[in-house]
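J.: Quick check, what structure comes out for this input:
(2 chains)
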Amino acid sequence: MSVKSQSIQSKKQTRQDERLKKISPLRVLLNRPELGALGGSILVFIFFGIVAGDTGMFSAYGTLNFLDVSANLGIIAIAAAMLMIGGEFDLSIGSMIGFAGICIAIPAIYWGWPLWMSITFAFAMAVLIGYFNGIMVVKTGLPSFIVTLAMLFILRGATLAITRLITGRTQVPGLRVLIEDDPIAWIFATDTFQWLFTWLGKMKLIALRTDGTPLATGIPPSVIWFIALTLFATWILMKTRYGNWIFASGGDKVGATNVGVPVGRVKISLFIGTAVASTIFACIQVLDAGSADTMRGTLKELEAIAAAVVGGCLLTGGYGSAIGAALGAIIFGTVSMGIFYTDVDTDWFKVFLGAMMLIAVVFNNYIRRKVTENK
Amino acid sequence: MSEYLVQFNNISKFFGKVIALKDVTMRLRKGEIMCLLGDNGAGKSTLIKTLAGVHKPDEGEIIFEDKKIVFDSPRDALDIGIGTVYQDLALVSLMSVTRNFFMGREPQKGIPFFKSFDVEKANKIAAERMGQIGIDVRDPSQAVGTMSGGERQCLAISRAIYFGAKVLVLDEPTSALGVHQASMVLKYIVKAASEGLAVILITHNVHHAYPVGNSFTVLNRGRSMGTFQKKDISREKLLSMMAGGEELDKLEVELKEMDRVAKT
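T.: Residues are numbered from 1 along each chain as shown, chains lettered A, B, ... in the order given. The predicted model follows:
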């Protein structure tokens, strides 16, 4: 027996050695979900570096501009990516942004709540709605596409109806004056590293206004949130037990359940995650604009999903990365801003977005075949 | 202390009017491989699910290490040491070997609330365990999808053993495998039993069961046709009990073919 097993083992050894030689470094790289997005973002930067390098797109002000747009999208794209890895979709992200906006604005302006209280209220509502989405999907077994599509309409409708009922309008302005002295609002409304930009301005390294202050005043809060969330989500996915459960839940629900992964709880928490990320997005935008709009966030759910897909998430779940989604968001943000600096008509942006997504899906499909079938 | 590690005494299970199992008795010693044979619809799946704690038996008792046990969930069965490897293996092909090995039971390190999945330790254990069964995992972070069917089966069994299975319930471990792969899995099962595990091997393939089994229980239409020691029963007899005599001729031809293949 032992002799026999040894001979089998040594035969195996030689066979595997043969296989080892065939694995190119490229294949190893291909196994990372964010590879496509990384290549894509490098291409995008090279493209704009050539086409728009001398237009001010890459000045401090221009850079912060496209980073801000990327970061806003990235905040929701990362949450959407985690949910997609967990095997579900959330189409109510955009509507949740609008709803969270009025949850902040109406209590603060019309009911006289302090801003911190209405912000807390908005997050509480997000947790509730996310929980409801999750429990509906888990308990009924219906596709999350349908459940959250219903929620897309319900939330947008409720946002419009409630706002009109209380205010008679579709916009709620007047928040800006409340931000100062509020104990929480600064988290979503402060430009950081202002000293650095002031210093750079004094050194005449960045563009100045006519009054001598720098044009770019600091890193916008969205960028800080974006970086923090990317790191946090990556840590969760790669380095925690919960992260492993997310991959397992999306990869094979039945198998995961059989080995004791609480699939239902994982999915519900991910739905809460997308709703909370939408609310972070809403806080940043509402406090920046100083007003809530019932139409805020329209179609953002699709952009978030597109960024996640470009970032390497599989539509079927179980595969993807937060860094990939972040890069996907950077690609979209950079192109949507960069296109202003070129001679190309901005109307073409959506064409680019669609084409990018198609290429990404085809590429991802190829990757999945490589990962699961290279025997 | 009785000689048996685990006893399933007079287990019956009804689904409405359907009698899925009636008076099935199985007793296993440490280190014993019992093969549970039966054609499709014989009640094998129901019996496995009863052993694994998915179904509660309507009649009969389960005695484990001389204690009467009632399972309320599959988790209970796992906790006392009955590890079931289902046909679908509960492996996620997009995930790495390590992540699959520890799925649901990831080792953690760090301070409370900031605990992280100890990937290095997990990689080490997974590679070590796979090495012990002769599968050289060149990279424990490679996706399970890249492994062969036999290797996946061994991974699932190895996982069940690592997480404390004393009784291993294997549902058709060789049904989807070729001859070479099947022999690799069967060899591993024998090795596991020789280390003191009791193994229940569910199969409808007598050719796979007979060489490795110590005893054989044949199920037919929800009833046990008895448990036989290997010395008391021939391969042919088992076959005819399982499938009914009229199929025997056809199977005999197949058997000769198998022997021929095995010899070459």
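J.: Please count neighbours and contacts with C-alpha atoms only from this point.
T.: OK.
J.: which residues in the stretch 1-150 of chain A form helices?
T.: Under the criterion DSSP state H, counting those that start in this stretch, the stretch 1-150 of chain A contains helices at A:2-22, A:25-30, A:35-52, A:60-85, A:93-110, A:115-140, A:144-167.
J.: what about the third one, distance to the chain center?
T.: Average the C-alpha atoms of helix A:35-52, do the same for its chain, and the two points are 19 Å apart (C-alpha atoms, centre = their mean, to the nearest Å).
J.: Run through the neighbouring helices and strands of that helix.
T.: helix A:322-338 (3 or more C-alpha pairs under 8 Å, 6 or more residues apart in numbering or on different chains; DSSP states H and E).
J.: Give me the angle between whatever helix or strand comes next after the helix it packs on and helix A:322-338.
T.: Scanning forward in sequence from helix A:322-338 by DSSP states H and E, the next helix or strand is helix A:349-373. Put simply, helix A:349-373 runs at 160 degrees to helix A:322-338, going by axes from the mean of the first three to the mean of the last three C-alpha atoms, to 10 degrees.
J.: I'd like the average pLDDT over helix A:349-373.
T.: Helix A:349-373 comes out with an average pLDDT of 79.
J.: do stretch A:221-229 as well
T.: Mean predicted confidence for stretch A:221-229 is 96.
J.: Name the residues that touch that stretch?
T.: A:67-68, A:71-72, A:74-75, A:78, A:187-192, A:281, A:284 (C-alpha atoms under 8 Å, 6 or more residues apart in numbering or on different chains).
J.: Most neighbours among those residues, please name it.
T.: For the contacts of stretch A:221-229, the largest number of neighbours (other C-alpha atoms under 10 Å in any protein chain shown) sits with A:Gly74, at 37 neighbours.
J.: Let me know the closest of the contacts of stretch A:221-229 to chain B.
T.: Distance to chain B across the contacts of stretch A:221-229 (C-alpha to the nearest C-alpha) is lowest for A:Ile78, with 19.9 Å.
J.: Show the pLDDT at the closest one.
T.: Predicted confidence (pLDDT) for A:Ile78: 97.
J.: mean pLDDT for the helices of the stretch 1-150 of chain A: which is lowest?
T.: helix A:2-22 (a mean of 41).
J.: Quickly check: stretch B:72-88 near chain A or not.
T.: Yes: for stretch B:72-88, a contact with chain A is found by C-alpha under 8 Å from any C-alpha of the partner chain, at B:Arg75, B:Asp88.
J.: Could you work out the end-to-end span of stretch B:138-154 for me?
T.: Here the two ends of stretch B:138-154 are set 16 Å apart, with distance taken as C-alpha to C-alpha, to the nearest Å.
J.: what does chain B put close to chain A?
T.: Residues of chain B lying near chain A (C-alpha under 8 Å from any C-alpha): B:75, B:88-95, B:99, B:103-108, B:115-119, B:134, B:136, B:143-148.
J.: redo that, cut-off 7 Å
T.: B:90-94, B:99, B:103-104, B:106, B:115-117, B:134, B:143, B:145-148 (C-alpha under 7 Å from any C-alpha of the partner chain).
J.: PyMOL command to pick out the buried ones of those residues?
T.: In PyMOL, this line selects whichever of those come out buried by 16 or more other C-alpha atoms under 10 Å in any protein chain shown:
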select buried, chain B and resi 90+91+92+93+94+99+103+104+106+116+117+134+143+145+146+147
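J.: Filter the residues of chain B next to chain A down to the ones in helices?
T.: B:Arg99 (DSSP state H).
J.: May I have the phi/psi pair for residue 58?
T.: I went with chain A, as the question did not name one. phi -100, psi 20 (degrees, to the nearest 10).
J.: my bad, the chain I had in mind was chain B
T.: According to degrees, to the nearest 10, B:Asp58 has phi -80, psi -30.
J.: I'd like the distance between the residue lying closest to it once chain neighbours are set aside and chain A.
T.: Distances taken as C-alpha to C-alpha, 6 or more residues apart in numbering or on different chains place B:Lys13 nearest to B:Asp58, at 5.1 Å, with adjacent residues excluded. Distance, B:Lys13 to chain A, by C-alpha to the nearest C-alpha, to the nearest Å: 22 Å.
J.: separation between B:Lys13 and B:Asp76?
T.: Using C-alpha to C-alpha, we find B:Lys13 at a distance of 19 Å from B:Asp76.
J.: swap in A:Thr316?
T.: In terms of C-alpha to C-alpha, A:Thr316 sits 32 Å off from B:Asp76.
J.: And A:Gly174, by the same measure?
T.: Taken as C-alpha to C-alpha, the span from A:Gly174 to B:Asp76 is 59 Å.
J.: And B:Arg129, by the same measure?
T.: 25 Å.
J.: do A:Gly36 as well
T.: For A:Gly36, the distance to B:Asp76 - C-alpha to C-alpha - is 44 Å.
J.: and what of A:Pro114?
T.: 51 Å.
J.: same thing with B:Leu47?
T.: Counting by C-alpha to C-alpha, the gap from B:Leu47 to B:Asp76 is 16 Å.
J.: now A:Ser222
T.: 47 Å.
J.: Equivalent analysis for A:Leu358, please.
T.: 47 Å.
J.: The strand or helix carrying A:Val254: what's the following helix or strand?
T.: Using DSSP H and E, A:Val254 sits in helix A:253-258. Next helix or strand after helix A:253-258 toward the C-terminus (DSSP H and E): helix A:263-289.
J.: After that following helix, which helix or strand is next? Please name it.
T.: strand A:291-293.
J.: More neighbours: B:Arg129 and B:Asp76, which one.
T.: Shown here are B:Arg129 and B:Asp76; by other C-alpha under 10 Å, B:Arg129 has more neighbours (20 against 16).
J.: just checking, A:Ile331 touches A:Ser41?
T.: Yes: in this structure A:Ile331 lies within contact range of A:Ser41 using C-alpha atoms under 7 Å: 5.4 Å.
J.: Tell me which residues touch the residue nearest to the spatial centre of chain B, please.
T.: Residue closest to the average C-alpha location in chain B (C-alpha atoms, centre = their mean): B:Leu170, at 1.1 Å. Contact analysis of B:Leu170 by C-alpha atoms under 7 Å, 6 or more residues apart in numbering or on different chains lists B:Thr84, B:Val85, B:Tyr86, B:Ile200, B:Leu201, B:Ile202.
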